[in-house]
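>>> only geometry, no sequence info:
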């Protein structure tokens, strides 16, 4: 089940990365830097924060505290990114750091203790912590992107008013088990 856990969280992180990227594609470059007011964050600032957090948390993940001494969290909330290209570069660097680390983990690593700000977490707890944190911010990006695109927004999920059509289509097909379901229910099967 633990190898399924790692595969599952990687797929979840990939999904949220994709939502962010589909949002970036729908809004003009200059709107990536728009702040509603001084207290709010632009999309580029949220990306910068995710980048800083990802590099800090996932670099040398099993050996050093997840809050690195070189991280300057406060500067992540300054609107200093100069271009969409620079923002995307930070976005990719952060996600690559996360995925490289997750792909290097083994089942036996999941119950090891790592530290974030001197607070102990199992590896699984630390992953879950970030699996809650990153979608929170990606949700902000999507919500803000939807407002900034005005009426040109293309839904990233089921469009408003189409739930019945979507559900009818899904329920018209046979039930599908994922390979995770198969492996969980039949751990000795050869379904991999």
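Structure's in. What do you need? The model shown is predicted, which means the values in this text are computed figures rather than measured ones.

>>> next up, the contacts around the closest residue to residue 17 other than its chain neighbours.
Counting by C-beta to C-beta, 6 or more residues apart in numbering, residue 17 lies nearest to residue 95, which is 5.3 Å off, once chain neighbours are set aside. To be clear about C-beta, it is placed using only N, CA and C from the backbone, and glycine gets the same treatment. Applying C-beta atoms under 8 Å, 6 or more residues apart in numbering to residue 95 gives the contacts 13, 17, 54.

>>> residues near the nearest residue to residue 109 once chain neighbours are set aside, how many?
Take residue 109 and drop its neighbours on the chain: the residue closest to it by C-beta to C-beta, 6+ apart is residue 123, 5.2 Å away. Number of residues near residue 123 (other C-beta atoms under 10 Å) recorded here: 20.

>>> so who does residue 123 touch?
Residue 123 sits next to 61, 62, 105, 109, 110, 111, 112, 113, 114 when contact means C-beta under 8 Å, 6+ apart.

>>> report the contact partners of the second one.
By that I understand residue 62. So residue 62 contacts 109, 112, 114, 123 (C-beta under 8 Å, 6+ apart).

>>> okay, those in a markdown table with pLDDT and secondary structure next?
Shown next, in a markdown table, are these (pLDDT from 0 to 100; DSSP: H, G, I helix; E, B strand; the rest coil):
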| residue | pLDDT | secondary structure |
| --- | --- | --- |
| 109 | 96 | helix |
| 112 | 97 | coil |
| 114 | 98 | strand |
| 123 | 98 | helix |
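
>>> I'd like to know which of those are buried.
Neighbour counting by 16 or more other C-beta atoms under 10 Å classes 109, 114, 123 among the contacts of residue 62 as buried.

>>> residue 33: which of the residues you listed is nearest?
residue 114 (34.6 Å; C-beta to C-beta).

>>> so where do the strands sit in this structure?
Secondary structure of the chain by DSSP state E: the strands cover 113-116, 119-122.

>>> figure out which of these is closest to residue 101.
Short answer: strand 113-116, nearest of the strands of the chain by C-beta to C-beta, at 10.8 Å.

>>> which outside residues touch the closest one?
Residues contacting strand 113-116 (C-beta under 8 Å, 6+ apart): 57, 61, 62, 65, 66, 67, 120, 121, 122, 123, 126, 129.

>>> circling back to that earlier point, mind checking which of the contacts of residue 95 are in helices?
13, 17, 54 (DSSP state H).

>>> highest neighbour count among those residues?
residue 54 leads those on contacts (other C-beta under 10 Å) with 23 neighbours.

>>> wait, that residue touches residue 91, no?
No: using C-beta atoms under 8 Å, residue 54 makes no contact with residue 91, being 9.4 Å away.

>>> pLDDT value on residue 182, please?
In this model, residue 182 is scored at 51, pLDDT.

>>> chain center to stretch 143-152, what's the gap?
Computed by C-alpha atoms, centre = their mean, to the nearest Å, the chain-centroid distance of stretch 143-152 equals 20 Å.

>>> and the helices in this protein?
Taking DSSP H to define them, one finds helices in the chain at 2-24, 43-58, 84-104, 123-148, 163-171, 179-185.
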